[in-house]
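Colleague: Fold the following and give me the result.
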Amino acid sequence: MFATVLEKTSLEFAHRVYETYEEQYKEGIKSISDVLIKQSKELEVLLKLLTAKNDRNTKVFELENIINERGEEI
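Modeller: Residues are numbered from 1 along each chain as shown. Model prediction:
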């Protein structure tokens, strides 16, 4: 759970940084390369978050299957 909260916070931060760079690009302060790098970082953080959620869901599914199998044996 803690990792998920930390990763959500990281995603929010990465998104704010990307938005800031996007606005600075529109104002001519940053290059498109800088914006794309920040967007890539945001996507990387999102991928980590989704991977963590997927791993958690896989473990929950495995535990539910074990519980169901034991329930059927009784």
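Colleague: May I ask which helix or strand encompasses the residue nearest to residue 17 when sequence neighbours are not counted?
Modeller: In space, not counting the residues next to it along the chain, residue 17 is nearest to residue 38; the distance is 5.5 Å by C-beta to C-beta, 6 or more residues apart in numbering. Using the backbone N, CA and C atoms, a C-beta is placed for each residue, glycine as well. Secondary-structure assignment from DSSP states H and E places residue 38 in helix 32-73.
Colleague: ok, back up a step: verify the contact between the residue nearest to residue 17 and residue 16 for me.
Modeller: No. Proximity of residue 38 to residue 16 does not meet the contact threshold set by C-beta atoms under 8 Å, at 10.0 Å.
Colleague: Those two: which has the busier surroundings?
Modeller: Remark: of residue 38 and residue 16, residue 38 carries more neighbours, 21 against 11, as counted by other C-beta atoms under 10 Å.
Colleague: so who does that one touch?
Modeller: 14, 17, 18, 21, 22 (C-beta atoms under 8 Å, 6 or more residues apart in numbering).
Colleague: how far away is the second one from residue 33?
Modeller: Counting by C-beta to C-beta, to the nearest Å, the gap between residue 17 and residue 33 amounts to 15 Å.
Colleague: So if I had to pick from these two, which one is more boxed in?
Modeller: The neighbour comparison of residue 17 against residue 33 (other C-beta under 10 Å) goes to residue 17, with 14 against 9.
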